[in-house]
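J.: A predicted structure for the sequence below; I have some questions about it.
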Amino acid sequence: MCGRFCCSLNTEELRNELHEENVLPDRNTEWVDQDSYRPSFNVCPSRSIPAVLEKAQTHTKIMQSMQWGFIPSWLKSNPYSKPINARIETLTEKSSMFDKSKNANRCIIAAEGFFEWNRKKQAFFIKRADNKMMLFAGLYSTAYIDDRSVTTCTLITTAASEFFSKIHDRMPVILEPDNVDAWINSKVFWSNDVIKLLKPFDGELNCHQVTDKVGSVKNDSPDLVQPLDERKSSISHFLKPARIKDEISKDLSSHVGKATSSSTATIAQQATKKRKKSVNDDPNASKTPRITSFFDKK
């Protein structure tokens, strides 16, 4: 699922970025309920979030702030449960509260990246490797709750890509700018052409572990998206092949810097022998948890 994301850009920055990525036609695109949007590093459910959709009357793109947490249009009172995610399986395999919206009310939710927790309850921040905006496929609905118009939305999730499955078995549907028009086109009803857009993201993602402070909605600052440790927490780093020779050279350098010139050769031989033994010969090596062992499991 996707329950937290980051969108720290103000309204002007967000418009400019979406225009630069060919999502919006211009930098002054109409934004309905703009004042209810608030930039945040820790966007949570019930918050007013930025969406791109097609205006039904003119079939032009506009932006609108929507409450995150779906309320079907036929409800007249505020429900206790407001789905923040809609599984693609729910949309394609059975009737649901999303049936009307999946035909005529499809939208894009704009974000810089999102948060997810793995099986060990460790928090990770995920963003595109090319630093483009994340364009989540979403559905929206306008209901009249206590005689007041309320527009709400939900993010669509799908099975995780092979890469992302190291963290979680589900991920939000992330669309490319070229697919935005096809997704939000209100003239095109739910069909195979629309469904085929809802696939796991096959582009490159950057993922790194972040502070568990993101778990509290009270926390909202830039350090929530910063890596705990660039070298030890980045999944992208873990998935790169280890270069044992480079590691040996680093170990030798640290020993040589501290040793006298007369003992340099002896220390180098001992360090190399120890490294080879720990990597290849230690019968207990398989019993010692490897830091990358987490990423071998799905």
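T.: All right, it came through fine. Numbers count the residues shown, from 1 in each chain.

J.: please enumerate the strands of the stretch 101-250 of the chain.
T.: Listed in chain order, the strands of the stretch 101-250 of the chain (DSSP state E, counting those that start in this stretch) span residues 106-111, 113-117, 123-128, 134-145, 148-159, 170-172, 174-175, 205-209.

J.: give me whichever of the ones you listed is most buried.
T.: Using mean count of other CB atoms under 10 Å, the stretch among the strands of the stretch 101-250 of the chain with the greatest mean number of neighbours is strand 106-111 (a mean of 25). Bear in mind the C-beta positions are built from the backbone N, C-alpha and C, glycine included.

J.: who's in contact with it?
T.: Contacts of strand 106-111 from elsewhere in the structure, counted by CB atoms under 8 Å, 6 or more residues apart in numbering, are 5-7, 14, 18, 23, 43, 49-53, 64, 66, 133-140, 153, 155, 175, 180, 183-186, 194.

J.: likewise for stretch 35-46?
T.: Contacts of stretch 35-46 from elsewhere in the structure, counted by CB under 8 Å, 6+ apart, are 3-11, 31, 47-50, 65, 67-69, 82, 84, 111, 115, 214, 217, 219-222, 224-225.

J.: extract the C-alpha set from that stretch and format it as PDB.
T.: Output for stretch 35-46, consisting of C-alpha atoms alone and laid out as PDB, is shown next (Å, rounded to 0.1, in the frame of the first residue of the first chain):
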ATOM      1  CA  ASP A  35      -5.600  27.500  -1.000                       C
ATOM      2  CA  SER A  36      -6.400  24.200   0.700                       C
ATOM      3  CA  TYR A  37      -3.100  22.600  -0.400                       C
ATOM      4  CA  ARG A  38      -0.200  22.800   2.000                       C
ATOM      5  CA  PRO A  39       3.400  21.600   1.000                       C
ATOM      6  CA  SER A  40       4.600  18.800   3.300                       C
ATOM      7  CA  PHE A  41       7.500  16.300   3.600                       C
ATOM      8  CA  ASN A  42       5.000  13.900   5.400                       C
ATOM      9  CA  VAL A  43       1.700  13.900   3.500                       C
ATOM     10  CA  CYS A  44      -0.800  11.700   5.300                       C
ATOM     11  CA  PRO A  45      -4.400  10.500   4.700                       C
ATOM     12  CA  SER A  46      -7.100  13.100   5.000                       C
END
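
J.: list the buried residues in it.
T.: Judged by neighbour count (16 or more other CB atoms under 10 Å), stretch 35-46 contains these buried residues: 37, 39, 40, 41, 42, 43, 44, 45.

J.: one more: stretch 54-73?
T.: In stretch 54-73, residues buried by neighbour count (16+ other CB under 10 Å) are 54, 61-73.

J.: got the CA positions of it in CSV?
T.: The C-alpha trace of stretch 54-73 is given here as CSV (Å, rounded to 0.1, in the frame of the first residue of the first chain):
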residue,chain,number,x,y,z
GLU,A,54,-9.5,16.7,-17.2
LYS,A,55,-12.3,19.2,-16.9
ALA,A,56,-15.4,17.4,-18.2
GLN,A,57,-17.0,20.4,-20.0
THR,A,58,-14.0,21.5,-21.9
HIS,A,59,-11.7,18.4,-21.8
THR,A,60,-8.8,20.6,-20.7
LYS,A,61,-6.3,19.8,-18.0
ILE,A,62,-6.8,21.5,-14.6
MET,A,63,-5.4,20.9,-11.1
GLN,A,64,-7.5,20.4,-8.0
SER,A,65,-6.8,19.9,-4.3
MET,A,66,-8.5,16.8,-3.1
GLN,A,67,-8.9,15.1,0.3
TRP,A,68,-6.9,11.9,0.4
GLY,A,69,-9.4,9.2,1.4
PHE,A,70,-12.2,8.2,-1.0
ILE,A,71,-15.9,8.9,-0.4
PRO,A,72,-18.3,7.6,-3.1
SER,A,73,-20.5,10.2,-4.7
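
J.: any idea of the mean pLDDT for that stretch?
T.: Per-residue confidence for stretch 54-73 averages out to 93 on the pLDDT scale.

J.: what is the distance between that stretch and the centre of its chain?
T.: Shown here is stretch 54-73, whose average C-alpha point lies 22 Å from the average C-alpha point of the whole chain (CA atoms, centre = their mean, to the nearest Å).
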